[in-house]
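Student: Show me the folded form of this:
(one chain, ligands or ions: 1)
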Amino acid sequence: MLFIIYLLSAISALLVYLLHRNMNYWKSRGIPQEPPHLIYGNVVGFRKTRVLNDLVIEYYNKFRKSGHPFVGFAFIQKQSAFIMDTKLAKNILIKDFANFADRGQFHNEHNDPLTGHLFNLDGKRWREMRQKLSPTFTSGKMKFMFPTVIKVSEEFVEVMMENVPAKTGGAIIEIKDLMARFTTDVSSTMTYALYELAQHTDIQDRLREDIQEVLQQHDGKLTYECVKAMRYLDQVISETLRLYTLVPFLERKALNDYVVPGHPKYVIEKGTQIILPAAAYHRDEDLYPEPEKFDPERFSPEQVAARDSVEWLPFGDGPRNCVGMRFGQMQTRIGLAQLLRNFKFTVCDKTDIPLIYDPKSLIIGTIGGIYLRVERV
Ligand code: HEM
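Tutor: Below is the predicted model of the structure:
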C-alpha cells in the first residue's frame, strides 16, 4: 500500500514538473509569450467558443508592433514558434526550406494508414510522394481536366436555372449547400466571393462586364485561354482568399537549430513546431490598409508586384505549398465565371451581415446557411 502511495506521489510530482517545464519553455529561453493556460495553452476556447482564425489574429496583434521576429505560442500543449516577421516567414518557407521541410503532423502509415497522406508525410516519404503527385497539376494536365470541370459547371448552371425563375426578384437561395453541389474542394471560396459581391454590387457589375468582354473576345466560348484572360476575376478571388483564409496558419518543423538571421538571441531549436499565421498577415493594416475592406484593387498587377509574395499565403508558399492550387483556382474561376455571366447576386433580409462563424470548424466555416437573392441576368 505504502509503495503505491509513493509511486502515485512520484508520478504526480513528475507530471507537475513536466507541465511546469513545458509552460515555461519560451520564458526560460527569454522569448516573449502570453502566459499560457495550464491545459489550453494560448488557444483558450478553441473548438468551443472561439474561432481559430480570430485566436490567431488576436495573438498576432498583441505582438504586432513589438519587433520580435517570432514569439512563443502554445497550441494547447504544443509549444511553437509563432512567426511575426514576414521576412523570417520567407526564409522558413523558401530560402531555408531545407531546414523546414517537415510539417510535423501526426502520421503512422503502418498502424493508421489514413494519416499517411501528402499533407501529413515528412522527410523522404513526403519528397517521394510530392514528386509523384506534382505532375498531376501541370498546365498540360490542367488543360486535360478543363472540359470535365466545364461540363460539371454547365450542369450546375442548369440546376440553378431550375431554381431561379426568370422574373424580377428571382429567388432567395442558400448558396453554401448549393456551391457544394458544384465542388466541395473550393465551394467555400466561391460562397464567400458571392457573399462579398452581393454586398458590393459595383464590384460585381465590373466583374460581370469584364467576364462578358473576355468571353466576346473568345467567341463566347469558355475555353482554357479565355478563363486565364479573366484578370479581374482573379483579383476578386485573391481578395476573397485574403479575407477568408481557409487555413488560418501554416505549419513547419525545424530539422536543426536555426538562428534567426540578424537576431542572434532568437534561436528556433531542432524539433520546434512553427506556426506561420497567414490569416493574421492578411489582416495586418501595415500590409493591407483598411484590412476589413473588400477591395480587389489590392491585387492589381501593380500592387501585387509591389508586395512580397509571402504576404499573401492562402495556398502557402515554397516547395511545400498547396499542390492543388492551380486546380483549385481553375475550378473557382470557372464556377464564378459561369454564375456571374448568368446570375446577379444581392443581399436579402435573410443574409447574415456579418457572418457567424462556427468555432468547431478547423477551417473557416459559418454556422447555418448563407442566403442571397439570385436573379437571372
Ligand atoms: C481554395 C482551395 C484550396 C486552398 C485555400 C488550399 C490551401 C492549402 C494550404 C494553405 C496548404 C498548406 C500549404 C503550406 O503549408 O505551405 C495546402 C496544402 C495542400 N493542399 Fe491545398 N488548398 C486548396 C485546394 C486544394 C485542392 C483542390 C487539392 C487537391 C486537388 C489540394 C491538395 C493539397 C495537398 C495535397 C496539400 C499538401 C501539400 C504538401 O504538403 O506537399 N488543395 N492547401
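Student: how close does Asn256 sit to Val267?
Tutor: 11 Å (Cβ to Cβ, to the nearest Å). C-beta coordinates here come from the backbone N, C-alpha and C atoms, glycine included.
Student: nope, Leu222 is what I meant
Tutor: 53 Å.
Student: ditto for Lys62
Tutor: Taking Cβ to Cβ, one finds Lys62 at 22 Å from Val267.
Student: More neighbours: the two, which one.
Tutor: Val267 (17 against 12; other Cβ atoms under 10 Å).
Student: So what does that one look like in phi/psi?
Tutor: phi -120, psi 130 (degrees, to the nearest 10).
Student: What of the one 3 residues further on?
Tutor: Here the main-chain torsion angles of Lys270 (degrees, to the nearest 10) amount to phi -50, psi 130.
Student: what pLDDT does it get?
Tutor: Per-residue confidence (pLDDT) for Lys270: 98.
Student: How much space separates it from Tyr6?
Tutor: 36 Å.
Student: which parts of the stretch 251-377 of the chain sit against the ligand?
Tutor: Within the stretch 251-377 of the chain, the positions near the ligand by Cβ under 6 Å from any ligand atom are Pro314, Phe315, Gly316, Asp317, Arg320, Asn321, Cys322, Val323, Gly324, Phe327, Gly328.
Student: Which one (most neighbours) among these?
Tutor: Busiest of these [other Cβ under 10 Å] is Arg320, holding 23 neighbours.
Student: show me what contacts that one?
Tutor: Applying Cβ atoms under 8 Å, 6 or more residues apart in numbering to Arg320 gives the contacts Leu93, Phe97, Ala101, Arg103, Trp126, Arg130, Arg252.
Student: and the closest residue to the fourth one other than its chain neighbours, what element?
Tutor: So the one you mean is Arg103. Counting by Cβ to Cβ, 6 or more residues apart in numbering, Arg103 lies nearest to Glu251, which is 5.2 Å off, once chain neighbours are set aside. Element membership for Glu251, per DSSP states H and E: strand 250-253.
Student: Quick one: mean pLDDT for that strand?
Tutor: 98.
Student: just stretch 220-228 next, same as before
Tutor: 95.
Student: how far does that stretch stretch from start to finish?
Tutor: 14 Å (Cα to Cα, to the nearest Å).
Student: again with stretch 356-365
Tutor: 9 Å.
Student: what do you get for stretch 253-268?
Tutor: 10 Å.
Student: So what touches that stretch?
Tutor: 29-31, 68-70, 81, 88, 91, 96, 98-104, 122, 269-274.
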